[in-house]
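[1] For reference, the sequence and a predicted model appear below.
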Amino acid sequence: MKINRHILDNGLRVVHHEDTTTQMVAMNIVYDVGARDEHPEHTGFAHLFEHLMFGGSAHIPDYDTPLQQAGGENNAWTNNDITNYYLTVPAANVEIGFWLESDRMLELAFSPRNLEVQRGVVMEEFRQRCLNQPYGDLGHLIRPLAYRVHPYRWPTIGRELSHIADATLEQVKDFFYRHYAPNNAVLAVTGHISWDDTRRLADKWFGPIPRREVAPRRLPAEPRQEEERRLVVERDVPVDALYMAFHICGRDEADYYAYDALSDILSNGRSSRLTQSLQLERKLFSSVDAYVSGSRDPGLLHISGRLSDGVTLQQAEAAVWEELERLCQEPVPEAELAKVKNKFESTYIFGNINYLNVATNLAWYELTGQAGDMEREVQHYRAVDAKSLQARARQAFRRGNANVLYYKSISS
């Protein structure tokens, strides 16, 4: 894959890949700001900005209408590490995308009314997703159980509803100018557009935006967990559920690929260990899952499952520990590991056939290192062996590193 790269004078990193098999263009902008950059008493701001960025900018009162009229679509998402915006537009109308994205990077249409509208949207989302949905408060329970000092201890949507309700316009402006800057962002452009046109439009629309003062990130390191932590809650939910979280390394570290492979061995497909043994054969769970958080700072490997009728949380947890102990004591057979690697490779390669996925990946890998790193992901997974898997399993799956949540149904 041919990847072009350029840095504007204001610090904006521009990466590009041309794909003439489509008549569309994708633009993906990732800002190096997420929930981990929030003040503990003002959480939910990064997610609030995901919504505010669609509420109009300095010279464009309505973001969606001109893009839709040009045949384009857009969306965004936020996590604890980044805020990501993307759009697709017919190649003939691509300059509309550069115009829209550059104007909201320059300055938002800050007004009390806009803040109130988007605040209301975010607060309603908080209520629907976290307060009124079964198991919706999981992030507000498991995160502060696992993290004591690092800002991963609150979810992206915010620690408390009041933090969004009480946000002032001045606080919102301050957050914008500290983080939403060309020198804190990556623009990835893919699809039916040449590198020359990309450079020209990026210089024209993004070049005049001034560089801003972005303070270096100084986050507290989470101390090593030495003792098991447990929490039991009762809620009005259909069935009991078990949640376990184990500290692992960050997304940018070499060991991450082994941890990700471990999560796939545990729960990726019907033949994976937890699914085959605990759900299909022993019928302890009606559903079970394992996954890594993928966060840039040291993250978590999660195991979760909803229990079958008549099964106790103690029985379910004991069965999970049996499977984890197997990974610690017995090397993973080569055929099982090869299957996991092959599945990852096929999913990754087929996913990058889509020009929008390529834009998203280019932006992410440029932010965390270099855009070309995306072409080495499969190699990193291929390099994982049974010995490294066993070493990482022993490191992660120890009682002193476990955070266990019993989520009990009131009716059980």
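    Cool, the structure landed.
[2] Please identify the helix or strand for the residue of the chain most remote from its centre.
    Most distant from the centre of the chain: Gly310, at 35.2 Å, with distances by CA atoms, centre = their mean. For Gly310, there is no helix or strand it lies in under DSSP states H and E.
[3] And it, how far from Pro66?
    As for Gly310, its distance to Pro66 is 58 Å (criterion: CB to CB, to the nearest Å). (Glycine included, C-beta is placed from N, CA and C.)
[4] ok, now Val237?
    Counting by CB to CB, the gap from Val237 to Pro66 is 44 Å.
[5] Looking at these two, which has the bigger crowd around it?
    Val237 (19 against 15; other CB atoms under 10 Å).
[6] The more buried one: what's it in contact with?
    The contact partners of Val237, taken as CB atoms under 8 Å, 6 or more residues apart in numbering, are 134-135, 407, 409-410.
[7] Can you tell me how far the residue farthest from the centre of the chain is from Phe285?
    Per CB to CB, Gly310 is found 12 Å from Phe285.
[8] and what of Gln276?
    11 Å.
[9] Compare these two (neighbour count), which wins?
    Comparing Gln276 with Phe285 by other CB under 10 Å, the one with more neighbours is Phe285, at 25 against 15.
[10] List the beta-bridge partners for that one.
    Leu307 (DSSP bridges).
[11] and the nearest residue to Asp385 once chain neighbours are set aside, what is it in contact with?
    Of all residues not flanking Asp385 in the chain, Leu337 sits nearest, at 7.6 Å (CB to CB, 6 or more residues apart in numbering). The neighbours of Leu337, taking CB under 8 Å, 6+ apart as the test, are 261, 265, 384-386, 389.
[12] Just those residues: which are in helices?
    Under the assignment DSSP state H, the contacts of Leu337 contribute 261, 265, 386, 389 to helices.
[13] Mind checking which of the contacts of Leu337 are buried?
    With burial judged by 16 or more other CB atoms under 10 Å, the buried subset of those is 261, 265, 384, 389.
[14] How about the secondary structure of Ala188?
    Here Ala188 is recorded as strand under DSSP: H, G, I helix; E, B strand; the rest coil.
[15] and it, bridged to which residues?
    Where Ala188 sits in a bridge, its partners, by DSSP bridges, are Val15, Asn28.
[16] Test my guess that it contacts Leu362.
    Yes. Contact criterion CB atoms under 8 Å: Ala188 and Leu362 qualify, at 4.0 Å.
[17] any common contacting residues for the two?
    15-16, 28, 371.
[18] from those residues, which would you call buried?
    By 16+ other CB under 10 Å, the shared contacts of Ala188 and Leu362 give 15-16, 28, 371 as buried.
[19] Just put these in CSV and tack on pLDDT.
    Listed next are these as CSV, based on pLDDT from 0 to 100:
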residue, pLDDT
Val15, 98
His16, 98
Asn28, 98
Ala371, 90
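[20] Could you measure from the residue most central in space within the chain over to Glu107?
    Nearest to the geometric centre of the chain sits Asn79, at 4.6 Å (CA atoms, centre = their mean). For Asn79, the distance to Glu107 (CB to CB) stands at 25 Å.
[21] Same question for Arg229.
    44 Å.
[22] Equivalent analysis for Val94, please.
    Separation of Val94 from Glu107 (CB to CB) stands at 23 Å.
[23] So which of the two has more stuff around it?
    The residue with more neighbours, out of Val94 and Glu107, is Val94; 25 against 15, by other CB under 10 Å.
[24] Neighbours of the residue nearest to the more buried one when sequence neighbours are not counted, how many?
    Closest residue to Val94 apart from its sequence neighbours, by CB to CB, 6+ apart: Val25 at 4.6 Å. Close neighbours of Val25, defined as other CB under 10 Å, add up to 29.
[25] Buried ones in the helix or strand bottoming out on mean pLDDT in the chain, by neighbour count?
    Least confident helix or strand, the chain: helix 45-52 with a mean of 89, by mean pLDDT, DSSP states H and E. Across helix 45-52, burial judged by 16+ other CB under 10 Å covers 45-52.
[26] Next: stretch 232-244.
    Quick answer for stretch 232-244 (16+ other CB under 10 Å): 237, 239-244.
[27] One more: stretch 28-43?
    Under the neighbour-count criterion of 16+ other CB under 10 Å, stretch 28-43 has 28-38, 42-43 buried.
[28] Just the endpoints, please. Distance across stretch 126-134?
    13 Å (CA to CA, to the nearest Å).
[29] Residues contacting that stretch, please?
    By CB under 8 Å, 6+ apart, the list of residues contacting stretch 126-134 reads 44, 136-137, 139-140, 155, 157-158, 161, 164, 235-238.
[30] the helices in the stretch 301-412 of the chain, which residues?
    Listed in chain order, the helices of the stretch 301-412 of the chain (DSSP state H, counting those that start in this stretch) span 313-329, 334-351, 355-368, 377-382, 386-396.
[31] Tell me which of those helices sits nearest to Arg119.
    Smallest distance to Arg119 across the helices of the stretch 301-412 of the chain (CB to CB): 27.8 Å, for helix 355-368.
[32] now the closest one against helix 334-351, angle please.
    110 degrees (axes from the mean of the first three to the mean of the last three CA atoms, to 10 degrees).
[33] packing partners for the one helix or strand Met105 maps to?
    Under DSSP H and E, the secondary-structure element containing Met105 is helix 94-106. Contacts defined by 3 or more CB pairs under 8 Å, 6 or more residues apart in numbering; DSSP states H and E place helix 94-106 against strand 24-31, helix 64-69, strand 83-90, helix 195-205.
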